[in-house]
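# here you go, sequence then predicted model.
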Protein chains: 2
Amino acid sequence: MKPTIEPVAWNNGSLRLLDQTRLPQEEAYLDVDDYRDVATAIRKLRVRGAPLIGIAAAYGLVLAARAANAGSVDELLPLLRTAAEELAATRPTAVNLRWALEQVLAAAQGAATPQEAQERLLAAAQRLHREDAAASERIGRYGAGLLTPGSAVLTHCNTGSLAAGGIGTALGVIRTAWADGKLSRVYVTETRPLLQGSRLTMWELARDGIPATLIADGAAGLLMRRGQITAVIVGADRIAANGDVANKVGTYPLAVLARENGVRFYVAAPTSTIDLSTVSGEDIPIEERPAGEVTAFAGRSVAPDGVEVANPAFDVTPHRCVTAIVTENGVAAEPYLDSLARASRAGVAARG
Amino acid sequence: MKPTIEPVAWNNGSLRLLDQTRLPQEEAYLDVDDYRDVATAIRKLRVRGAPLIGIAAAYGLVLAARAANAGSVDELLPLLRTAAEELAATRPTAVNLRWALEQVLAAAQGAATPQEAQERLLAAAQRLHREDAAASERIGRYGAGLLTPGSAVLTHCNTGSLAAGGIGTALGVIRTAWADGKLSRVYVTETRPLLQGSRLTMWELARDGIPATLIADGAAGLLMRRGQITAVIVGADRIAANGDVANKVGTYPLAVLARENGVRFYVAAPTSTIDLSTVSGEDIPIEERPAGEVTAFAGRSVAPDGVEVANPAFDVTPHRCVTAIVTENGVAAEPYLDSLARASRAGVAARG
């Protein structure tokens, strides 16, 4: 399946980024050749989605190496590590970011010259990008296999081509199920505060001609109670060893509502999202974002001046609410401690 | 306790309405002397909140009687019934609207002249307004009695002076608990799509100096899981005989999350909200509102053009998720079939 959009593209020595904060009104691209601009783009959510920020950060390291003008590899490596730290610090929750940076940094280690290091970094970033796209394809295939014909699926936030290297994770499953003729309709939560559902997912689904209905986040419960939803499918920013899932805030309510209403709840994510060193969801850091994301929209204030705000960007869904986790190495289910470790090892083995 | 704001006021032969759609930026009032403008104000949510739209509609009938210029009571009554039907049709879910119209219409029945009918209508509307304010006071008192010192309470939508005749229902409980020194903090869900939480509740709480934190609707689950919430308190638009509660969309998810996390879930409403003729929540009509409320935000489009939207304004919380229902006649709990009937009868008895 061909992705309909390229939100991150290596383009003749610089990185082209689709500015997702301007969608759906404008399809505007930024050409970036300073890794600090990549960090800013990630922090400001111009580039977002757990797998995609990993890919963008990987290319960011390539830009850092090119700009370093280092005389030797020994001189280059500390500069790269600094850049990697800066890129990793942009967002604390998604583990794909650190994972991708480590993958690409490792590739530079054995280089004899700075030039060779640059080439190895670019090759590693491009390989990671390609592999993520391939992982999305396989996730889509495994996930669609879980759905029965006529399914109405609810999804949250954006997990499509705008969030990953290829067709997307949860949205990859939705695309594949649609191509297989298994889907009747997609329900999309708008996903406050930043409206990734209405701005991005509805945009992707409209481009693909997949029938979709937009709802306020709070309306998901009523729809489930009315029996309008067959399954919920979401992505993930970090999956702990025990199967607890950190994902966009609002995911945990959907999981609890799904269980209450006998609706299956699936998580779709590449194994790079699984963090076996995080024992449970309680150990996952939850990013707190600026108050203005909740109190203002498009420059217009919607709350009295100076009010206090809590704006956690993610929440944690306990594994007992998760029917299954779909990875590129197959479908993991309880007991997750075993099934996730197996899926992760298969990924490491496949990458050699 | 003195309410801090008068959203509906009878003012020398016309009705003064605070235009709530312009809050918190502007405190703008409309002077209305045509009942059809009252209907429009209710439909467009310039006046909202289940008890308050009943009060506004009651005054609307007074305006209808004054404008009718009827030669006899026999000529006047059918005109009033037509006006009442028109006012009742503005919003289908809140039962207070029909209830208030019936109360006021009944007062006109025995009048000898159109002039006397007008006077009786006005007296009935003013009595209803006063009684609703008194009911809020008592709800506040009963509700505060359920809270323990140091409570952190989460509320949804707006149930304050902007939604009722006095200090409000759920917000009346919060105000009373604050005055009693029992409250540490209020968490307020913004309440998409129309942001009654951020625009109206945060505005009321800021005026009263009650510490409040605004959150996106989807963040309530994380806060409950972290143990930050002692109790959830919401209002209601209609309560069925079995205790099922129709309230602003997003209430049902909060109730399910509360039960999942061992958090108490209270509903605060006057007995005029209880509809003993509605057997269960499945029989409550759920208003579907315009798509534009979801696809646009602060006047700016946030979704691709022409997308499909489902925008139910309310949802239904099953009685098994409701810890207690606080009315002006005391606290009702399971079995609701008995306790709600008792509370309702006490109300009828008190009104004579």
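Okay, I see it.

# give me the sheet partners of the longest strand seen in chain A and which way each runs.
Taking DSSP state E as the criterion, chain A has its longest strand at strand A:183-189. Sheet pairing of strand A:183-189 (DSSP bridges) gives strand A:151-155 (parallel), strand A:212-215 (parallel).

# who wins for proximity to residue A:280 among these?
Across these, the minimum distance to residue A:280, taken as C-beta to C-beta, is reached by strand A:151-155, at 25.0 Å. Glycine gets a C-beta too; all of them are placed from N, C-alpha and C.

# now the element after that closest one, going C-ward?
Sequence order places helix A:170-179 as the next helix or strand after strand A:151-155, per DSSP states H and E.

# export that next one as CSV, just CAs?
Output of helix A:170-179 as CSV, limited to C-alpha atoms (Å, rounded to 0.1, in the frame of the first residue of the first chain):
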residue,chain,number,x,y,z
ALA,A,170,-3.7,2.1,14.0
LEU,A,171,-4.6,3.9,10.8
GLY,A,172,-2.5,1.4,8.9
VAL,A,173,-4.8,-1.3,10.3
ILE,A,174,-7.9,0.8,9.3
ARG,A,175,-6.5,1.3,5.8
THR,A,176,-5.8,-2.4,5.3
ALA,A,177,-9.1,-3.5,6.8
TRP,A,178,-10.8,-1.0,4.4
ALA,A,179,-8.9,-2.4,1.4
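
# so which elements touch that helix?
helix A:114-144, strand A:151-155, strand A:183-189, helix A:202-208, strand A:231-234, strand A:264-268 (3 or more C-beta pairs under 8 Å, 6 or more residues apart in numbering or on different chains; DSSP states H and E).

# how about that helix: buried residues?
Of all the residues in helix A:170-179, those buried under the rule 16 or more other C-beta atoms under 10 Å in any protein chain shown are A:170-178.

# please apply the same query to stretch A:106-121.
Buried-residue list, stretch A:106-121, by 16+ other C-beta under 10 Å: A:107-108, A:111, A:114, A:117-121.

# next: stretch A:205-218.
Buried, per 16+ other C-beta under 10 Å, within stretch A:205-218: A:205-206, A:208, A:210, A:212-218.

# cool, and stretch A:313-320?
Result for stretch A:313-320 [16+ other C-beta under 10 Å]: buried residues A:313-319.

# how long is it from one end to the other?
Terminal residues of stretch A:313-320 lie 22 Å apart, using C-alpha to C-alpha, to the nearest Å.

# just the pLDDT for the residue with the largest distance to the centre of chain A.
Relative to the centre of chain A, the most outlying C-alpha is that of residue A:71, 36.3 Å out, by C-alpha atoms, centre = their mean. As predicted, residue A:71 sits at a pLDDT of 95.

# A helix includes it, no?
No - remark: residue A:71 does not belong to a helix; assigned using DSSP: H, G, I helix; E, B strand; the rest coil, it is coil.

# in contact with it, which residues?
Applying C-beta atoms under 8 Å, 6 or more residues apart in numbering or on different chains to residue A:71 gives the contacts residue A:114.

# ramachandran angles for it?
Backbone torsions for residue A:71, taken as degrees, to the nearest 10, come to phi -80, psi -20.

# quick check: residue A:26 vs residue B:143, distance?
Between residue A:26 and residue B:143 the computed distance is 49 Å (C-beta to C-beta, to the nearest Å).

# repeat for residue A:106
Distance from residue A:106 to residue B:143, by C-beta to C-beta: 60 Å.

# check residue A:107 too.
Counting by C-beta to C-beta, the gap from residue A:107 to residue B:143 is 62 Å.

# what are the bridge partners for residue A:314, then?
Applying DSSP bridges, one finds that residue A:314 bridges with residue A:248.

# for chain A, which spans come out with low pLDDT?
Along chain A, segments meeting pLDDT under 70 span A:1-4, A:347-352.

# contacting residues around the closest residue to residue A:237 other than its chain neighbours?
Spatial nearest neighbour of residue A:237, excluding adjacent residues (C-beta to C-beta, 6 or more residues apart in numbering or on different chains): residue A:94 at 4.1 Å. Contact analysis of residue A:94 by C-beta under 8 Å, 6+ apart lists A:50, A:53-54, A:237-238, A:273.

# with just CA atoms, put stretch A:233-243 into PDB.
Taking C-alpha atoms only, stretch A:233-243 is exported to PDB below (Å, rounded to 0.1, in the frame of the first residue of the first chain):
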ATOM      1  CA  ILE A 233      -7.800   0.800  17.700                       C
ATOM      2  CA  VAL A 234      -5.200   3.300  18.900                       C
ATOM      3  CA  GLY A 235      -1.400   3.700  18.600                       C
ATOM      4  CA  ALA A 236       1.100   4.000  21.400                       C
ATOM      5  CA  ASP A 237       3.900   6.200  22.500                       C
ATOM      6  CA  ARG A 238       5.400   3.700  24.900                       C
ATOM      7  CA  ILE A 239       4.500   0.200  25.900                       C
ATOM      8  CA  ALA A 240       5.800  -1.100  29.200                       C
ATOM      9  CA  ALA A 241       7.000  -4.700  29.700                       C
ATOM     10  CA  ASN A 242       3.800  -5.600  31.400                       C
ATOM     11  CA  GLY A 243       1.600  -4.300  28.500                       C
END
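
# in that stretch, what's buried?
Applying 16+ other C-beta under 10 Å to stretch A:233-243 flags A:233-243 as buried.

# burial count for the nearest residue to residue A:132 once chain neighbours are set aside?
Closest residue to residue A:132 apart from its sequence neighbours, by C-beta to C-beta, 6+ apart: residue A:165 at 3.3 Å. For residue A:165, the neighbour count with other C-beta atoms under 10 Å in any protein chain shown is 26.

# related to what we said a few turns ago, okay if I get the helices and strands packed on helix A:170-179 as TSV plus distance to residue B:42?
Shown next, in TSV, are these (distance: least, C-beta to C-beta, whole Å):
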stretch	distance to residue B:42
helix A:114-144	46
strand A:151-155	32
strand A:183-189	28
helix A:202-208	31
strand A:231-234	35
strand A:264-268	39
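
# among those, which is nearest residue B:269?
strand A:183-189 (27.9 Å).

# the helix or strand that that closest one is followed by close to chain B?
Per DSSP H and E, the first helix or strand lying C-terminal to strand A:183-189 is helix A:196. No - contact between helix A:196 and chain B is absent, the nearest approach being 10.6 Å (criterion: C-beta under 8 Å from any C-beta of the partner chain).
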